[in-house]
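J.: need a structure here:
(one chain, ligands or ions: 1)
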Amino acid sequence: MGTLIKNGTVVNATGSQRADVLIQGEKIAQVAANISNDSHQIVDATNLLVMPGGIDVHTHLDMPFGGTTSADDFETGTIAAAFGGTTSLVDFAIQYRGQTMRHALDEWMKKASGKAVIDYSFHMIVTELPDAGLGDMDVMVRDEGVTSFKLFMAYPGVFMVDDATIFRALRRTGENGGLVCMHAENGGVIDLLVQEALRKGHKAPKYHALTRPPRAEGEATGRAIALAEMAGVPIYIVHLSSADALQKVREARDMGLPAFAETCPQYLFLSYDNYEEPGFDGAKYVMSPPLREKWHQDVLWKGLAKDDLQVISTDHCPFCMAGQKELGTDDFSKIPNGAPGIETRLTLVHNGGVRQGRISLNRFVELCSTTPAKMFGLFPRKGTIAVGSDADIVVFDPEKQQTLGLKTLHMRVDYNPYEGTVVRGAPSYVISRGAVIIENDRFVGTRGAGQFLKRGPSLASTL
Ligand SMILES: [Zn+2]
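T.: The predicted structure follows:
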């Protein structure tokens, strides 16, 4: 006996078709019109869309930052992800200075295993790269299925590495098949602007944005791409937020360079104006890069439509206002950076992208599932509705109305950036490796059922 999804429209990146989907065990066994019921458990998908589960390649669950820890752990965070139609995520393990990548991976495996309700993997954050670290990178790619590395051009003294370190890491990926993901902001310039603002007595949350100008992101993005070009390897820019940075990616792609980038819903739907909310409310939106002036949103949407941006992730990194964001009441630079979003990615992008006619349904699937899977070595196991792929499926009702906010959402944080926003289109069922985990707005999955995904090499060169 299997599970049979009947009468739906199967939506893949490559096209849509009316078809039933038969799941046997953890895999998709058949995709065809009118599969006979036999003794299968039936999921009625009449008038619904049957799409590959969302893949969020940028989350920070249970992450220490700025003297506190992100508010969702691997249980609460993955349950929230599941509610939102996401069935796999790639989080970040952090190799702190003086520690090995092996140690970092072990630590993050402990955080996730036994807790995650959907499948997960890790990128490795590299904060230094002595000679031994180069060998560590090879081991991660070859033996551990950790095939991507994140480096920071920002946060001096914490995460930032210099250009030589970046160049070394990039060159090594050319040998071991890994992919470098870059946080591209000019940390030196930003640090100086922050110190200057504080000296002038500028303490409010909005100064977080005013000290991190779009040019600082554009400059670093251009530099990162140039370093990758010199190393002869692809590069992936994370959480791209501004027209300035997008221009650098577009120019590189026009030259035929393998430069890729993701953006996040917050940069498509929120803006600098949110920092001007009364009192300390602007702290809700303190993240890096910061929200930009509203006009950047249109530029980013065009980038998504024209494939200058290939992926939408969330950078989910929630901190409560009470006890966490509050750390920066008298100093914007002490507000923990990050915001919740793991649950609202598909609904927001469907509502604001597909319904508004900015992207097609197939492009929506491509941006939120298929290309993330290809970019990070999970395809075709994940990211497509196809025979032999994992049965990670979201049965999506394009007409279902949802009011986003604390009452309806499941992230473990005391505010929501989209409070009161009404969206149309939301998951009806979510299936993870063959098991229904969300049904009728209830979580029916199992703590610890999520598995660590050993990833293969990036398929970036095919994109
Ligand atoms: Zn991040």
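J.: thought Ile42 was touching Asn7?
T.: No. With contact defined as C-beta atoms under 8 Å, Ile42 does not reach Asn7; the gap is 9.5 Å. Heads up, the C-betas are built off the backbone N, CA and C, glycines and all.
J.: neighbours around the closest residue to Gly352 other than its chain neighbours, how many?
T.: Leaving out its chain neighbours, the residue that sits closest to Gly352 by C-beta to C-beta, 6 or more residues apart in numbering is Phe269, at 6.0 Å. Phe269 has 19 neighbours, counted by other C-beta atoms under 10 Å.
J.: Which pLDDT value goes with Phe65?
T.: Note for Phe65: predicted pLDDT of 88.
J.: three-state assignment of the residue nearest to it when sequence neighbours are not counted?
T.: Excluding the flanking residues, the one nearest Phe65 by C-beta to C-beta, 6+ apart is Pro336, at 5.5 Å. Classification of Pro336 using DSSP: H, G, I helix; E, B strand; the rest coil returns coil.
J.: Just the pLDDT for the residue nearest to Gly352.
T.: Per-residue confidence at Phe269 stands at 98 (pLDDT).
J.: swap in Leu151?
T.: Reported pLDDT for Leu151: 98.
J.: cool, the one 5 residues further on as well?
T.: At Pro156, the pLDDT value in this model is 93.
J.: Likewise for Glu262?
T.: Reported pLDDT for Glu262: 98.
J.: measure it to Arg199 for me?
T.: 35 Å (C-beta to C-beta, to the nearest Å).
J.: which phi and psi does the residue nearest to Phe65 have?
T.: With angles defined as degrees, to the nearest 10, Pro336 sits at phi -60, psi 130.
J.: Now for it, how many residues are close by?
T.: Neighbour tally, Pro336, other C-beta under 10 Å: 25.
J.: Quick check: the gap between it and Met321.
T.: Taken as C-beta to C-beta, the span from Pro336 to Met321 is 11 Å.
J.: I'd like the mean pLDDT over stretch 19-28, please.
T.: Confidence over stretch 19-28 (mean pLDDT, whole number) is 98.
J.: which one is Leu193 nearest to, not counting chain neighbours?
T.: Leu193 sits nearest to Thr211 (C-beta to C-beta, 6+ apart), 4.0 Å away.
J.: can you count the residues close to the one you found?
T.: 22.
J.: which residues of the protein score low on pLDDT?
T.: Within the chain, no range satisfies pLDDT under 70.
J.: Could you rerun that using 90?
T.: Residues of the chain meeting the criterion pLDDT under 90: 1, 38, 65-67, 131-132, 440, 460-463.
J.: Just list the residues touching Val413, thanks.
T.: Contact analysis of Val413 by C-beta atoms under 8 Å, 6 or more residues apart in numbering lists Ala71, Asp72, Pro318, Phe319, Cys320, Pro340.
J.: Neighbours of the fourth one, how many?
T.: In this case it means Phe319. Neighbourhood size, Phe319 [other C-beta under 10 Å]: 31.
J.: and it, what helix or strand is that in?
T.: Using DSSP states H and E, Phe319 falls within no helix or strand.
J.: any idea how far it is from Tyr155?
T.: 16 Å.
J.: follow-up on the earlier one: neighbour count for Glu262 and Arg199, which is higher?
T.: Higher neighbour count among Glu262 and Arg199: Glu262, with 24 against 8, using other C-beta under 10 Å.
J.: Is the more buried one bridged to anything, and to what?
T.: Bridge pairing for Glu262 (DSSP bridges) gives the partners Val311.
J.: Quick check: next helix or strand after the longest helix seen in the chain?
T.: Looking across the chain with DSSP state H, the single longest helix is helix 214-231. Counting by DSSP H and E, the element after helix 214-231 in chain order, helix or strand, is strand 235-237.
J.: right, and the helix or strand after that following strand?
T.: Downstream of strand 235-237, the first helix or strand assigned by DSSP H and E is helix 243-254.
J.: in stretch 286-297, what counts as buried?
T.: If you call a residue buried by 16 or more other C-beta atoms under 10 Å, then stretch 286-297 has these buried ones: Val286, Met287, Ser288, Pro289, Pro290, Leu291, Arg292, His296, Gln297.
J.: and if you look at stretch 228-240?
T.: Quick answer for stretch 228-240 (16+ other C-beta under 10 Å): Ala228, Glu229, Ala231, Val233, Pro234, Ile235, Tyr236, Ile237, Val238, His239, Leu240.
J.: Tabulate those residues (CSV), appending distance to Gly450.
T.: Shown next, in CSV, are these (distance: C-beta to C-beta, whole Å):
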residue, distance to Gly450
Ala228, 32
Glu229, 37
Ala231, 34
Val233, 31
Pro234, 28
Ile235, 29
Tyr236, 24
Ile237, 28
Val238, 23
His239, 24
Leu240, 28
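J.: can you give me the helices for this protein?
T.: Using DSSP H, the helices found in the chain span residues 76-83, 101-112, 131-139, 163-176, 187-199, 206-210, 214-231, 243-254, 265-269, 295-305, 345-349, 361-365, 371-375.
J.: is it true that Ile237 touches Ala261?
T.: Yes. The criterion here is C-beta under 8 Å, and Ile237 meets it with Ala261 at 4.0 Å.
J.: Between these two, which contacts overlap?
T.: Joint contacts of Ile237 and Ala261 (C-beta under 8 Å, 6+ apart) are Thr221, Ala245, Val249.
J.: how about those in a markdown table, adding neighbour count and distance to Pro278?
T.: Converted to a markdown table, the shared contacts of Ile237 and Ala261 look like this (neighbours: other C-beta atoms under 10 Å; distance: C-beta to C-beta, whole Å):
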| residue | neighbour count | distance to Pro278 |
| --- | --- | --- |
| Thr221 | 28 | 33 |
| Ala245 | 32 | 30 |
| Val249 | 26 | 36 |
